[in-house]
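*Asks:* using only what follows, build the 3D model:
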Amino acid sequence: MKRVFLIIVTALVGCNFMFGQYADTTEANNAGRYQTKELLQQKQKDYKNHKINSVDGNTIKIGGKNQEDTWYIKDVALSDYGTKVKEGFQEEKAAGFEYEKIKAKDGFEIEYTLYKEKTSEWNTQLGKGWKTAKADAGDDCVEIKVLKSDKSSGTLYGKLSEIAETKDLISQGYISKSEKENGTEYDKKEVDIAGLKVTLYMKKAVVKSSVNKDNSTQTIQNNGSQKSGQKEADKTPQKEASKNEQTNNQATIDSLKQIIESTKKQMNDITDTNSREYQELQNTLDDLNGRVSDLEGDSSTFRIVIIVLVLIIVCLLTGLVLKNRKKKNIVIMQPTQNQTPQQQPTQTETVMLVDTVSNPQQQQPTPQPEPQSVPVPPVTPLPPIPTKPIDAFAADKDEWIVVGASVIGNGHISQKLPCQDSHKYEYLGEGWGIAVTSDGAGSAQNSHIGSKIVAERALFHFKDLIIRRNWIKKSELPTEMEWSQICFATLKLVRNDMEMFAKQKNIELKSLYATVIVVIHTPDGILATHIGDGRAGYKNEKGEWKALITPHKGEEANQTIFVPSDFWDIPAYKMSGVLVPESIVVAEKPFAFTLMSDGCESTAWLYNQQDEKTGKFFDPNKPYPNFFNPLSETLQSFRNDKIDEKERAEKWGNFIESGNASFKKETDDKTMILGVVYM
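*Replies:* Have a look, this model is predicted:
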């Protein structure tokens with residue numbers, strides 16, 4: 001009887017809400033009914049985005065009595081205003097940018113003017129810091145002509161100390177033409193800024209040399225032999241003396257050329273053209289190349305002395321800079337994996353183009369200094385070659401705990417090759433963050449540089465996109481179609497950065513081949529995109545680990561596609577049954593995420609399984625929960641135990657290097673980023 005009574009009461013209460021009967025106005029408000037427009041606007045922050053329905057007061061009962069006033073309800077259907085906002089329009093606009101302008105009404109039929117940024121070179125350059133007014137850039141600025149969306153051109157102004165192409169050089173001491181001092185010698189450096197050639201200047205280093213005041217005798221030492229410069233007018237005919245002098249000069253010039261070639265090789269090995277050592281070598285080399293040309297017709301032995309001394313000193317200084325750092329040995333405890341999938345050993349990747357397959361010879365560079373932490377801008381000096389076996393980081397921001405590392409593989413150590421993997425992560429605030437991994441092609445000569453460019457530039461462009469579109473403030477995710485179009489355009493910018501870089505350095509674009517995986521975590525879901533192989537996944541609210549991407553793999557083992565590959569002009573190009581690039585929107589809150597190069601997949605992923613019936617191999621593409629869940633708990637303990645970020649990075653890096661048997665024997669480079677929500 002009691003159960004029947006409860007059922008009747010529940011039904012009556014449900015009917016009250018269904019037919020608009022409430023105990024008081026607070027209960028009505030909580031149900032989404034408001035007696036005034038102003039109250040609805042106050043309680044419903046996004047009311048502009050939805051249609052507003054009016055309700056006859058006679059259908060609303062408060063305490064059993066009809067309410068004669070008109071009440072208001074926010075509909076789930078979008079208003080014209082809300083529809084346009086979802087398409088990327090907004091009320092605010094930045095000065096100077098080109099916008100598409102429309103009118104749209106909100107739920108109360110109030111009309112607003114909305115703006116959407118147009119796709120144009122003009123807007124792209126403004127987003128990089130260029131100014132529309134010369135006064136904003138200063139007198140010492142450069143001017144470029146840029147196309148607008150209507151195909152007309154306009155002038156933009158860039159301050160040399162702020163624009164990406166020159167700000168690093170300015171910070172190193174280069175100056176503009178207007179800042180040169182009279183009577184001072186300068187080395188020149190030409191920079192391409194959006195097609196405009198700009199020359200910067202650096203004061204030449206002063207080389208002091210001790211010279212005997214008695215000019216009757218000068219001595220130079222070359223390859224261990226000393227030549228007397230004193231005239232022997234009474235013993236040797238003038239013709240014979242001239243011949244000996246020419247022979248001596250030619251031997252010196254040949255030696256200088258050998259030193260110059262050796263210096264060039266050292267410069268190629270350094271690659272970090274941001275470093276002071278590289279700049280000094282470059283400046284000296286440019287100057288001495290001209291002087292050697294002069295010496296081919298000049299018998300001045302004093303000038304030869306200066307050149308030899310300068311080159312020897314610079315080479316010695318450069319040699320001292322090149323060194324390795326010892327790795328540390330800290331291990332994260334990791335439970336033994338009970339299940340070992342049937343995997344094929346990782347081998348060197350095959351560089352794959354749509355039309356051609358290329359396999360350039362590998363270069364074995366000398367180990368170089370630790371890379372600088374300052375991001376490398378596009379088409380500026382080559383990034384440094386990572387020489388330390390472990391490059392790791394840790395971040396602890398708001399609810400997110402994130403770690404990542406790139407570790408050189410055993411195969412590259414034995415071949416004396418650099419680590420060809422790179423990664424980047426940046427937390428943007430409000431639960432938003434960007435993680436990028438890149439795996440350089442094993443058969444591409446400069447792929448260690450290419451992967452670093454990809455990681456740096458992908459993070460830069462996607463961060464710029466999020467800021468410009470105000471996604472964090474709006475807390476909205478794009479649709480699958482919008483995200484796919486955005487990723488294609490954004491990753492092509494990365495590809496163009498690589499092409500411009502290759503042209504500046506006079507190297508082949510295919511020598512920079514590298515993959516890319518981008519994962520953007522947000523409070524409402526995950527945005528992901530990739531070109532090439534590797535793995536990425538996330539954990540949802542139910543604790544389930546799911547894959548984010550399908551690796552792009554060719555018909556042959558270890559065959560994939562890379563950011564600069566020739567697929568960009570092929571409509572809807574697919575590999576492994578998915579688009580290139582593949583772009584994914586996950587509309588559920590993530591509680592963890594991961595992305596990695598293929599050097600980690602045999603340890604952390606279920607893939608390459610054999611069907612018992614057919615004998616064929618297939619890819620389940622599933623993360624191992626038994627691998628990730630204990631690691632997630634370890635990251636949680638980092639915050640509980642107040643372990644600083646430096647120690648966390650060391651622990652994570654050493655775990656990826658040798659935390660279990662699979663990692664220890666892996667021949668390929670290994671990169672993995674893991675982020676978890678603190679619970």
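*Asks:* could you point out which residue ranges in the stretch 351-500 of the chain have low pLDDT?
*Replies:* Counting by pLDDT under 70, the stretch 351-500 of the chain contains low-confidence ranges at 351-388.
*Asks:* go again with 90.
*Replies:* Filtered on pLDDT under 90, the stretch 351-500 of the chain yields the residue ranges 351-390, 410-416, 442-443, 474-476.
*Asks:* ranges for the strands of it?
*Replies:* For the stretch 351-500 of the chain, strands defined by DSSP state E, counting those that start in this stretch occupy the ranges 390-397, 400-407, 421-429, 432-439.
*Asks:* can you give the contact residues for the third one?
*Replies:* Taking Cβ atoms under 8 Å, 6 or more residues apart in numbering as the criterion, the residues outside strand 421-429 that touch it are 386, 391, 393, 395, 397-398, 400, 402, 404-407, 433-440, 448, 451-452, 454-456, 458-459, 463, 466, 472, 514, 597, 599, 669-671, 673. Every residue, glycine included, has its C-beta placed from N, CA and C.
*Asks:* partners of that strand, with directions?
*Replies:* Strand pairing for strand 421-429, determined by DSSP bridges: strand 432-439 (antiparallel).
*Asks:* what's the angle from the partner strand to strand 390-397?
*Replies:* Angle, strand 432-439 to strand 390-397, by axes from the mean of the first three to the mean of the last three Cα atoms, to 10 degrees: 170 degrees.
*Asks:* buried subset of the contacts of strand 421-429?
*Replies:* Among the contacts of strand 421-429, those scoring as buried are 386, 391, 393, 395, 400, 402, 404-407, 433-440, 448, 451-452, 454-456, 458-459, 463, 466, 472, 514, 597, 599, 669-671, 673 (criterion: 16 or more other Cβ atoms under 10 Å).
*Asks:* let's test this: name the helix or strand in this structure with the lowest mean pLDDT.
*Replies:* Taking mean pLDDT, DSSP states H and E as the measure, the chain has strand 219-222 as its least confident helix or strand, at a mean of 34.
*Asks:* quick one: name whatever helix or strand follows the helix or strand where residue 190 lies.
*Replies:* When elements are assigned from DSSP states H and E, residue 190 belongs to strand 186-193. Following strand 186-193 in sequence order, the next helix or strand is strand 196-203 (DSSP H and E).
*Asks:* which positions within stretch 117-124 qualify as buried?
*Replies:* The neighbour-count criterion (16+ other Cβ under 10 Å) identifies 117, 120, 122, 123 as the buried residues of stretch 117-124.
*Asks:* other residues contacting it?
*Replies:* Outside stretch 117-124, the residues that touch it by Cβ under 8 Å, 6+ apart are 88, 97-100, 146-149, 154, 156, 468-469, 489.
*Asks:* restricted to helices, list those residues.
*Replies:* 468, 489 (DSSP state H).
*Asks:* neighbour-wise, which of the contacts of stretch 117-124 leads?
*Replies:* Greatest neighbour count in the contacts of stretch 117-124, by other Cβ atoms under 10 Å, goes to residue 156: 25 neighbours.
*Asks:* show the model's pLDDT score for the closest residue to that residue other than its chain neighbours.
*Replies:* Residue nearest to residue 156 in three dimensions, not counting chain neighbours: residue 130, with 4.1 Å by Cβ to Cβ, 6 or more residues apart in numbering. Residue 130 carries a pLDDT value of 81.
*Asks:* ok, now which ones touch residue 130?
*Replies:* So residue 130 contacts 137, 144, 146, 156, 157, 158, 163 (Cβ under 8 Å, 6+ apart).
*Asks:* show me the contacts for residue 412.
*Replies:* Residue 412 sits next to 418, 419, 420, 669 when contact means Cβ under 8 Å, 6+ apart.
*Asks:* ignore what I typed, I meant residue 568.
*Replies:* Taking Cβ under 8 Å, 6+ apart, we find residue 568 in contact with 492, 495.
*Asks:* give me phi/psi at it?
*Replies:* Residue 568 adopts backbone torsions of phi -60, psi -30, taken as degrees, to the nearest 10.
*Asks:* picking up where we left off before, among the contacts of stretch 117-124, which are in strands?
*Replies:* Filtering these for membership in strands, criterion DSSP state E, returns 99, 100, 146, 147, 154, 156.
*Asks:* ok, the second one to residue 490 distance?
*Replies:* Read it as residue 100. Distance from residue 100 to residue 490, counting by Cβ to Cβ, to the nearest Å: 20 Å.
*Asks:* same check on the fourth one?
*Replies:* Taken as Cβ to Cβ, the spacing of residue 147 relative to residue 490 amounts to 20 Å.
*Asks:* partners of the closest residue to residue 517 other than its chain neighbours in the sheet?
*Replies:* Counting by Cβ to Cβ, 6+ apart, residue 530 is the residue found nearest to residue 517 once chain neighbours are left out, at 4.3 Å. Legend: beta-bridge partners of residue 530 under DSSP bridges are residue 517, residue 582.
*Asks:* residues in contact with residue 530?
*Replies:* 515, 516, 517, 518, 536, 549, 552, 581, 582.
*Asks:* now for those: which two are most distant?
*Replies:* Pairwise distances across the contacts of residue 530 (Cβ to Cβ) peak at 14.1 Å, for the pair 518 and 552.
*Asks:* so for those two, which residue has more residues nearby?
*Replies:* Comparing residue 518 with residue 552 by neighbour count (other Cβ under 10 Å), the higher total belongs to residue 518, at 30 against 27.
*Asks:* please report how far the more buried one lies from residue 130.
*Replies:* Look at residue 518 and residue 130: by Cβ to Cβ, they are 26 Å apart.
*Asks:* what's the answer for residue 395, then?
*Replies:* Distance of residue 395 to residue 130, computed by Cβ to Cβ: 31 Å.
*Asks:* closest to residue 414 out of the contacts of stretch 117-124?
*Replies:* Of all the contacts of stretch 117-124, residue 414 sits closest to residue 489, with 40.9 Å by Cβ to Cβ.
*Asks:* need phi/psi at the closest residue to the closest one other than its chain neighbours.
*Replies:* The shortest distance from residue 489 to any residue other than its chain neighbours is 7.8 Å, reached at residue 119 (Cβ to Cβ, 6+ apart). Note on residue 119: backbone dihedrals following degrees, to the nearest 10 are phi -90, psi 110.
*Asks:* of all pairs in the contacts of residue 130, which one is the farthest apart?
*Replies:* Taking Cβ to Cβ, the two most distant members of the contacts of residue 130 are 137 and 146; they sit 13.9 Å apart.
*Asks:* neighbour-wise, which one of the contacts of residue 530 leads?
*Replies:* Greatest neighbour count in those, by other Cβ under 10 Å, goes to residue 517: 32 neighbours.
*Asks:* which ones are touching that residue?
*Replies:* Residue 517 is in contact with 436, 437, 438, 528, 529, 530, 532, 534, 536, 549, 595, counting by Cβ under 8 Å, 6+ apart.
*Asks:* make a markdown table out of these and add distance to residue 104.
*Replies:* Below are the contacts of residue 517 laid out as a markdown table (distance: Cβ to Cβ, whole Å):
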| residue | distance to residue 104 |
| --- | --- |
| 436 | 36 |
| 437 | 40 |
| 438 | 41 |
| 528 | 31 |
| 529 | 30 |
| 530 | 36 |
| 532 | 41 |
| 534 | 42 |
| 536 | 37 |
| 549 | 36 |
| 595 | 38 |
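*Asks:* nearest to residue 562, of these?
*Replies:* Using Cβ to Cβ, residue 532 comes nearest to residue 562 of the contacts of residue 517, at 5.8 Å.
*Asks:* isn't that closest one up against residue 491?
*Replies:* No: the criterion here is Cβ atoms under 8 Å, and residue 532 misses it with residue 491 at 10.9 Å.
*Asks:* shared neighbours, these two?
*Replies:* Contacts common to residue 532 and residue 491, judged by Cβ under 8 Å, 6+ apart, are 516, 563.
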